[in-house]
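In: What shape does this take:
(one chain, ligands or ions: 1)
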Amino acid sequence: MEAPKSYDQLLEENRELSIQLEEAQDAIHAIRTGRVDAVIVQGEDGHELYTLKSADQAYRVFIEKMNEGAITLHKDGTILYCNSKFASMLNKPLEKVMGMSIKLFIPLECHQKFQKLSNQGWTSNTKGEINLLTANGEHKPCLMSCNQMELEDGVALSLIVTDLTAQKESEKQLLIKNEQLEQVEQITRGLNFQLEALIAERTQELDLSREQFKFLADNIPVIVWTSKPDGSIDYYNNRWYTYTGLTFEETKDWGWEKVIHPADLQGTLRAWSHSLATGEPYEVEYRFLRNDGRYHWHLGYALPFKDKSGNIIAWFGSCTDIEDQKQQIEKRDEFISIASHELKTPLTSAKGYLEIIGAYKKQHLPPAVSEYINKAKTAVNKLQTLVSDLLDVSKIHAGQLQYDLIDFNLSDLVNTCIENFTHLYPDRHLVCECEKVMLVKGNPGRLEQVIMNLISNAVKYSAAGTEISILAHKEGSNAVIAIIDSGIGLSDEQKQRIFERFYRVEDKKFLTSGLGMGLYISSEIIKAHGGELRVSSEYGEGSTFSIELPLLQK
Ligand code: ADP
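Out: You can find the predicted model right below:
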């Protein structure tokens, strides 16, 4: 056993060690800065000196600037040299790295792997991933490239260490992103599947409703068609083809024009263009050529089909054969015309005979007989008005109503009508205002017929105690006669139809006798005078009928 060292010996050893440490630090600094290119290692056989072959200052400065860690390793694992990057990868000062065993900076579980790598490195260039153990105990993933290197005084192993932390982090992030992407893909695949199922279901529904529409359209006794928003026809039902004997190619788009009666074509086109431009429903009557070469009257009707924003995306239309109705109406008109003509003559005779009996002076008639004669006269007068209205309707319909026009003062005619009113309806309260002179060109008899018809309607459709007004004045270049009552009034729908032939309001509350001819005749007479007959009315509030006639220009 060695004898304990004296105080002086220990002091001496301590001084020597301090000198050695100082020298070591100087050497490290000198190597780093490139001032020396050798390092002394304490080997088994005493100190060994290592110098870098072909090392020069520039080369070492370059190594110092590298982004990778660079190490020169002794066979026994001592770090002969390392750059500051390697030390900073370990979070250690350079002096605590250089001269140390590299295994101190590799976690235990990687020792075997490192050994294998460094062993291979002595014979060939090798690479491998090894973790470094940093000062704060972290494991830093690194790529190590090993390579044998010849120094002047022996061989060493050169190691280039690349920090893989950032790369590993991005790989990790990439992995996470990939996983997320996969999840999203899975969700998308699921949604796609649902969507496809939904589309398949909807397509099936659509196919079914299309089939139902086709079945329905093909089995109704009416022609059905659809068109694009620009009016070109893109579908007809079967009825169209059997009716016209034409193909889709012949009649698609605007090809239907060829089956319309030439006399009805312009009116039909006008109505269709108007509906296309305004989006208003299309309703028109025209004659259609059947496949047997005969024309039949049809009612054409179409409505626009709109999307949620109100844009027209298609038109749905129908053509209904109304030939039978037309023929019936014609027969009815013919019957009315014949019947009214036939009734006129015996009525005139009956009226004449009644006049003669009434004027019979030779013998006094018993009062009861006089009364019967008067009643018969009133009944015959009513009958005569009815027959003459029927005749007028027939004539108007046939375009045969004659008007002999003269220049006259319409105000005089209005005043005559006011006088008539007071005789006919002495119990009714009348308000009247009439401009003195209103010269017009017209048929006084026909215009009196119109005014008296409006007056009798005002009386007929208002309560006994209520007031009736007749106002006549000029409005610009027109003469306007207004007949105002505060009677039952008319609804909007009734107002629209009031001037139609034989139209009567079917209101059970106010049932009165009549045939719905008076307003039709009146409006046709006024039209024939270049004027207009208007109505303004509120249901339950009363009505105002106004005749507008052009005044004579001076
Ligand atoms: P009618 O002989 O039936 O009175 P009109 O052609 O004169 O025939 O009138 C047609 C319909 O118009 C009538 O059935 C009536 O319902 C309505 N009408 C006409 N004048 C008035 C009015 N002043 N007030 C309310 N309804 C009226």
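
In: What does whatever residue of the stretch 101-250 of the chain ends up closest to the ligand show for phi and psi?
Out: Residue nearest to the ligand within the stretch 101-250 of the chain: Val222 (31.3 Å; C-beta to the nearest ligand atom). Any C-beta I mention is one placed from the backbone N, CA and C, and that applies to glycine too. Phi and psi for Val222, reported as degrees, to the nearest 10, are phi -130, psi 150.

In: Number of residues surrounding it?
Out: 16 (other C-beta atoms under 10 Å).

In: thought it was touching Cys319?
Out: Yes - assessed by C-beta atoms under 8 Å, Val222 is found in contact with Cys319 at 7.0 Å.

In: what lines up beside the helix or strand where Glu129 lies in the sheet?
Out: Per DSSP states H and E: Glu129 is located in strand 126-133. Within its sheet, strand 126-133 is paired with strand 139-151 (antiparallel), according to DSSP bridges.

In: buried residues in the strand it pairs with?
Out: Lys140, Pro141, Cys142, Met144, Ser145, Cys146, Leu151 (16 or more other C-beta atoms under 10 Å).

In: which one of these sits closest to Gly516?
Out: Distance to Gly516 across the buried residues of strand 139-151 (C-beta to C-beta) is lowest for Pro141, with 103.0 Å.

In: ok, the closest one - contacts?
Out: Pro141 sits next to Glu129, Asn131, Asp163, Leu164, Thr165, Lys168 when contact means C-beta atoms under 8 Å, 6 or more residues apart in numbering.

In: what helix or strand does the last one sit in?
Out: When secondary structure is defined using DSSP H and E, the element that contains Lys168 is helix 165-218.

In: what does the following helix or strand past that helix contact?
Out: Under the assignment DSSP H and E, the closest C-terminal helix or strand after helix 165-218 is strand 223-227. Identification of contacts with strand 223-227 by C-beta under 8 Å, 6+ apart yields 217, 233-237, 239-240, 243, 298, 302, 314-320.

In: could you redo the last one with a cut-off of 6 Å?
Out: With contacts defined as C-beta atoms under 6 Å, 6 or more residues apart in numbering, strand 223-227 is touched by 217, 233-237, 239-240, 314-319.

In: quick one: which two of those are the most distant?
Out: Once C-beta to C-beta is applied, these give Arg239 and Ala314 as the farthest pair, at 19.0 Å.

In: Up against the ligand, what does this protein have?
Out: With C-beta under 6 Å from any ligand atom as the criterion, the chain meets the ligand at residues 457-458, 461, 485, 487-488, 490, 498, 503-505, 514-520, 543.

In: Which among those count as buried?
Out: Neighbour counting with 16+ other C-beta under 10 Å marks 457-458, 461, 485, 487-488, 490, 498, 504-505, 514, 517-520, 543 as buried within the residues of the chain next to the ligand.

In: Which entry within those residues corresponds to the minimum pLDDT?
Out: Across these, the smallest pLDDT goes to Gly514, namely 79.

In: how close does that residue get to Gly442?
Out: Note on Gly514: its distance to Gly442, by C-beta to C-beta, to the nearest Å, is 25 Å.

In: just to revisit the earlier point, which residue of Arg239 and Ala314 possesses the greater neighbour count?
Out: Arg239 (20 against 16).

In: The closest residue to the more buried one other than its chain neighbours: how many residues sit nearby?
Out: What sits nearest to Arg239 in space, not counting adjacent residues and going by C-beta to C-beta, 6 or more residues apart in numbering, is Ile223, at 4.9 Å. Using other C-beta under 10 Å, Ile223 is surrounded by 24 other residues.

In: May I have the beta-bridge partners of Ile223?
Out: With DSSP bridges as the rule, Ile223 is bridged to Cys319.

In: mind checking how far the residue of the stretch 101-250 of the chain closest to the ligand is from Phe248?
Out: 18 Å.

In: now Ser158
Out: Counting by C-beta to C-beta - Ser158 and Phe248 are separated by 88 Å.
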